[in-house]
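Peer 1: Next one to model:
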Amino acid sequence: MIQVRKADDRGHFNHGWLDTYHTFSFGGYHDPQHMQFRALRVMNEDRVEPGQGFGMHPHRDMEIVTYVLSGALEHKDSMGNGEVLPAGEFQRMSAGTGITHSEFNPSDSDPVHLYQIWLLPARGGIEPSYEQSSFPPEEANGRLQLVASPDAASGSLAIHQDARIYLSTLDSQQSLTHQLQPDRYAWLQTLRGQIVVNGERLAAGDGVAVSGETELTITATEPAEVMLFDLA
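Peer 2: Model (predicted):
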């Protein structure tokens, strides 16, 4: 079964400095029909104006993955990390027993466009940690590039949940197939462009929840970028 979550049906707030879309209930947006999917709790698409950002705030017991599509994001946290995340890079923060952090657009002219993703950890109370990584873009072209996994396979970010996150870029009319093992689920998020997945047409910002399927076939109808979550 494939359930489509259209971009225009997401929660939306424009605060001036922040233009944000929420796939699942978050902050001031509450929809009991869209609370989470499996361990995937937050899927926020954010655009932050130059010189603006999220001030220091706390988290605990959450796996937070951020991917920058354009612009750059400056990260600081209570563990002493201070990094700039440019377009095309990922960061992973395990909040565990508690962490505070800020995310800020350091540019004085360019907005930053990013996805902020939260997953519930397999267990609470882990030691907080942070990592940031880039991945060779050619390895995502026409195939699924592993960017996060519970065992840090193939140099991917280590997340504390039975979930694997993949990134792929597809040229127009290019296709790929992902096999789903029994009792596995998937969420597919269209980051850019337009695709067809198992007969469903998706545009940028659209997502699909997948259950009871053995494989996903993704075909780009124009140049596209997607993120796939293989979930327990």
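Peer 1: which residues does the spatially most central residue of the chain contact?
Peer 2: The C-alpha lying nearest the average C-alpha coordinate of the chain belongs to I117 (CA atoms, centre = their mean; 4.3 Å). With contacts defined as CB atoms under 8 Å, 6 or more residues apart in numbering, I117 is in contact with L40, V42, M43, N44, I64, V65, T66, Y67, I165. Placement of C-beta: from N, CA and C, glycine included.
Peer 1: repeat that for 6 Å
Peer 2: M43, V65 (CB atoms under 6 Å, 6 or more residues apart in numbering).
Peer 1: Check which helix or strand it maps to.
Peer 2: Per DSSP states H and E, I117 falls inside strand 112-119.
Peer 1: Show the pLDDT at E63.
Peer 2: Looking at E63, its pLDDT stands at 98.
Peer 1: wait, doesn't it sit right on L157?
Peer 2: No - taking contacts as CB atoms under 6 Å, E63 lies outside contact range of L157: 9.5 Å.
Peer 1: Compare neighbour counts for the two and give me the winner.
Peer 2: Ranked by neighbour count (other CB atoms under 10 Å), E63 and L157 place E63 first, with 27 against 21.
Peer 1: From S102, how far out is the more buried one?
Peer 2: Per CB to CB, to the nearest Å, E63 is found 19 Å from S102.
Peer 1: Identify the bridge partners of the closest residue to R47 other than its chain neighbours.
Peer 2: Computed as CB to CB, 6 or more residues apart in numbering, the closest residue to R47 that is not its neighbour in sequence is D19, at 4.4 Å. When assigned by DSSP bridges, D19 has beta-bridge partners N14, R47.
Peer 1: ok, D19 to H12 distance?
Peer 2: From D19 to H12 the distance is 8 Å (CB to CB).
Peer 1: Settle it for me: which of the two has more neighbours?
Peer 2: D19 (16 against 13).
Peer 1: What's the separation between the more buried one and Q116?
Peer 2: D19 is 13 Å from Q116, where distance means CB to CB.
Peer 1: what do you get for A224?
Peer 2: From A224 across to Q116, the span is 21 Å (CB to CB).
Peer 1: Equivalent analysis for R38, please.
Peer 2: R38 is 18 Å from Q116, where distance means CB to CB.
Peer 1: quick one on the thing from earlier: packing partners of the helix or strand just after the strand holding I117?
Peer 2: With elements assigned by DSSP H and E, the helix or strand that comes after strand 112-119 is strand 129-134. In terms of contacts (3 or more CB pairs under 6 Å, 6 or more residues apart in numbering; DSSP states H and E), strand 129-134 is packed against strand 89-94.
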